[in-house]
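> I would like the atomic coordinates for the input below:
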Amino acid sequence: MKPEGLKVFLSYAKRDDKLAQALRAELEMGGFEVWDPAAKLSPGDNWGLELGKGLRDADGGLALAGRSCLRARYKREIDYALGEPRFKGRVIPVVVRAVKELPWILETLHVLRIDADPDRGSRRVLEALKRIQTAASDRARIAKTTFSRTQA
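Residues are numbered from 1 along each chain as shown. Down below sits the predicted model:
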């Protein structure tokens, strides 16, 4: 039985749309469910509310960082994910364009830099998410086993 894919929230600037769509397609082919604002939001939607629902329903997140990652909307998404206990170890900052400086909080995480080679970088992102997925499956299996033993 194939494990259910992680639900991944994709945060990026409009400028990085082409790269984000390619990354989303690769992640979906890899078995991940991707919440992408370009695919999920429509004109007339309450964007703040829908973004909040997308973050709430996600198991982890990717923040595609370029110069625009310092804008307020992206910072709110990143701040939420980093402050949410269930996202601990499940937020991957991905540098897609050269930046002079990342927000300090992102520098505390392992940052994937794919600006030099986006194709290879997409594979590295997929591998990182698969490691997160495996770790989450292992934790769930251990918790289930522990629970079963305490009930016996």
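
> and the residue nearest to the spatial centre of the chain, what helix or strand is that in?
Note on the chain: the residue nearest the mean C-alpha position is Gly61, at 1.9 Å, using CA atoms, centre = their mean. Following DSSP states H and E, the helix or strand that holds Gly61 is strand 60-65.

> who's in contact with Asp79?
Asp79 is in contact with Ile105, counting by CB atoms under 8 Å, 6 or more residues apart in numbering. Where C-beta positions appear, they are placed from N, C-alpha and C, glycine not excepted.

> Which stretches in this structure count as strands?
When secondary structure is read from DSSP state E, the chain shows strands at 7-11, 33-35, 60-65, 91-95, 112-113.

> Let me know how buried the residue nearest to Arg97 when sequence neighbours are not counted is, in neighbour terms.
When the adjacent residues along the chain are set aside, Arg97 lies closest to Gly66, with 3.5 Å between them (CB to CB, 6 or more residues apart in numbering). Here the number of neighbours of Gly66 (other CB atoms under 10 Å) works out to 19.

> cool, and Val94?
For Val94, the count of nearby residues is 28 (other CB under 10 Å).

> Provide the partner residues of it in its beta bridges.
The residues paired with Val94 through beta bridges, assigned by DSSP bridges, are Leu64, Leu112.

> how far away is it from Arg15?
Distance of Val94 to Arg15, computed by CB to CB, to the nearest Å: 14 Å.

> before we move on, the earlier item: so of the strands of the chain, which one's packed in deepest?
Most buried of those, by mean neighbour count (mean count of other CB atoms under 10 Å): strand 60-65, with a mean of 26.
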